[in-house]
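Colleague: Curious how this folds, go ahead:
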Amino acid sequence: MTQEFTFSIKRIGFDEDYHPSENTRVTTNFANLARGPSRQENLRKTFRMIDNRFNALAHWDNPQGDRYAVNLEIISVEMNMGGATNGNALPLIEILKTHIVDRKTGQRIEGIVGNNFSSYVRDYDFSVLLLEHTRNQPESGLPDHFGELHGKLFKCFVNSSEYKASFNKLPVICLSVSSSKIYHRTENRHPVLGVEYQQNEYSLTDEYFGKMGLKVRYFMPPNSVAPLAFYFSGDLLNDYTDLELISTISTMDTFQKIYRPEIYNANSPAGKHYQPSLKYQDFSLTQIVYDREERSRLAVEQGKFVEEHFIKPYQTMLEQWSASYAL
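Modeller: Next comes the predicted model:
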C-alpha cells in the first residue's frame, strides 16, 4: 500500500478575541465557549479561572498568587492524502498547546500539547457508527474494528515529521472520568497531580484511546473534587515538569468545571470509592454559558459530515492503509 498521509499544522491563539474559524468543529469545547452573546465574557472568565488555578498549584515562590499566566494555542491538524496538499484536506483533530508566562522573570515556558482533544473521525465513530450499530444490533457489542482507523491515524500524526518538527514532547490528553465506572482511591500521591485513583476495568473511552497508543492514569489534583483521566504515552510522572503538568491541570480542571459541573464543581470531594454522575444535584454552576445539548446534537451532524466526505469516498483505500499500517 503506497498511499501516504501528510499533515498540515495550523496555530491560532485562544484568547478573549478568539472567533472559531469555519473549519473548526463547533462541538469543540473551546469553540462552544466562544460563540453567542456571552462570547467574550465567557472567555475572559475562563482564562481568569485557569490563571487562578495555576497559581494556586504553583504556590512556591509565589506569595501573591499571581506570578504565572497561561497562554493557550489551538492546534488544528489537517490530513492530506497522497502526500499532496490540496483543497480537499480533511480537518483531522484539534488540540490545545499551553504556554506559561512567568511574570517575575519575563520567561515564556513551553507547556504541554494535547489537553483538550477533538476529532471528526471520533465523532463519526461514536455519534454515527456506534449509535447505528447499537440500534440495529443491540446485543452484539462494538462494531468490528471499532476505533482502529482513528487510532492509527492519530499514531501516524504523532510519529510524523510534521509533529516532531513542531513539538518536542508527546501529547497528554486530559478528559473527564467515566460515569459508568467506579474509581478507587490509592495511597499514591504526587505533589502536583495529587492522589491517584484506579478502576477495575477500562471504560469505552479508555479502550478507544488505547488504540491511539495512549495509556491512562487517574489523579485528583490538590483542591479538586474529582479525578481527571490523563491519557499519555511514555512516563506521565517523569517526562514532564511540574509546571507543564500544572498547565494541563489548570486548563482542563477549569474546562471540566464548566462542562460537567455535576462532577467537577460538586460541593463535596470524591471519596475512597467514587462513581461520577451527571445526575448529582449538590454542585455549583460557574458563571460561564455552555450549551451541552447543542454540543451533543452537533456531534451527530459532524460525524455524518466525515462519513460523507471521508469515510465513504475513501473506504477501500482507508481499509487497505489501516490493514498495512505499522509503526
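Colleague: Please make it C-alpha for all contacts and neighbour counts, starting now.
Modeller: OK.
Colleague: Quick one: the strands in the stretch 201-327 of the chain, in order.
Modeller: Assigned by DSSP state E, counting those that start in this stretch, the strands in the stretch 201-327 of the chain fall at 215-220, 228-232, 273-274.
Colleague: what would these look like in CSV with mean pLDDT?
Modeller: Listed next are the strands of the stretch 201-327 of the chain as CSV, based on pLDDT from 0 to 100:
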stretch, mean pLDDT
strand 215-220, 98
strand 228-232, 98
strand 273-274, 96
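Colleague: Which one of these lies nearest to residue 119?
Modeller: Each of the strands of the stretch 201-327 of the chain has some distance to residue 119 by Cα to Cα; the shortest is strand 228-232, at 15.3 Å.
Colleague: Give me the contacts around that closest one.
Modeller: Here strand 228-232 makes contact (Cα atoms under 8 Å, 6 or more residues apart in numbering) with 170-177, 209, 214-220, 253.
Colleague: after the lowest-mean-pLDDT helix or strand in the chain, next one along is what?
Modeller: Lowest mean confidence among the helices and strands of the chain (mean pLDDT, DSSP states H and E): helix 29-33, at a mean of 59. Later in the chain than helix 29-33, the nearest helix or strand by DSSP states H and E is helix 39-57.
Colleague: which other helices and strands contact whichever helix or strand comes after that following helix?
Modeller: Next in sequence after helix 39-57, counting helices and strands by DSSP H and E, comes strand 68-81. Secondary-structure packing of strand 68-81 (3 or more Cα pairs under 8 Å, 6 or more residues apart in numbering; DSSP states H and E): strand 5-14, helix 39-57, strand 90-102.
Colleague: one more time with 10 Å, if that's ok
Modeller: For strand 68-81, the packing partners by 3 or more Cα pairs under 10 Å, 6 or more residues apart in numbering; DSSP states H and E come out as strand 5-14, helix 39-57, strand 90-102, strand 107-119, helix 148-158, helix 242-259.
Colleague: got a markdown table for these, with mean neighbour count and mean pLDDT too?
Modeller: Below are the helices and strands packed on strand 68-81 laid out as a markdown table (neighbours: other Cα atoms under 10 Å; pLDDT from 0 to 100):
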| stretch | mean neighbour count | mean pLDDT |
| --- | --- | --- |
| strand 5-14 | 17 | 91 |
| helix 39-57 | 20 | 92 |
| strand 90-102 | 21 | 93 |
| strand 107-119 | 20 | 94 |
| helix 148-158 | 20 | 95 |
| helix 242-259 | 23 | 96 |
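Colleague: Nearest to residue 307, out of the ones you listed?
Modeller: strand 90-102 (11.5 Å).
Colleague: What pairs with the closest one, parallel or antiparallel?
Modeller: Partners of strand 90-102 in the sheet, by DSSP bridges, are strand 68-81 (antiparallel), strand 107-119 (antiparallel).
Colleague: So for residue 264, which of these sits nearest?
Modeller: strand 107-119 (15.6 Å).
Colleague: Dump that closest one to CSV, restricted to CA.
Modeller: Listed next in CSV are the C-alpha coordinates belonging to strand 107-119 (Å, rounded to 0.1, in the frame of the first residue of the first chain):
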residue,chain,number,x,y,z
GLN,A,107,10.2,34.0,30.7
ARG,A,108,7.8,32.2,28.4
ILE,A,109,7.9,28.5,29.2
GLU,A,110,6.7,25.7,26.9
GLY,A,111,3.7,23.8,28.2
ILE,A,112,2.1,20.5,27.1
VAL,A,113,0.4,19.8,23.7
GLY,A,114,-2.8,17.8,23.9
ASN,A,115,-5.1,18.8,26.8
ASN,A,116,-8.5,19.1,25.1
PHE,A,117,-9.0,16.6,22.2
SER,A,118,-11.4,17.0,19.3
SER,A,119,-11.7,14.7,16.3
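Colleague: Figure out how far it is from the centre of its chain.
Modeller: With Cα atoms, centre = their mean, to the nearest Å as the basis, strand 107-119 stands 10 Å off its chain's centre.
Colleague: Show me which residues of the very next helix or strand once past it are buried.
Modeller: As assigned by DSSP H and E, the chain's next helix or strand after strand 107-119 is helix 120-124. Neighbour counts over helix 120-124 (16 or more other Cα atoms under 10 Å) mark 120, 121, 122, 123, 124 as buried.
Colleague: cool, and stretch 156-174?
Modeller: Counting neighbours by 16+ other Cα under 10 Å, the buried set in stretch 156-174 is 156, 157, 158, 163, 170, 171, 172, 173, 174.
Colleague: how deep is the residue nearest to residue 281 when sequence neighbours are not counted tucked in, by neighbour count?
Modeller: Spatially, and ignoring its direct neighbours in sequence, residue 281 is nearest to residue 262 (6.7 Å; Cα to Cα, 6 or more residues apart in numbering). Look at residue 262: counted by other Cα atoms under 10 Å, it has 21 neighbours.
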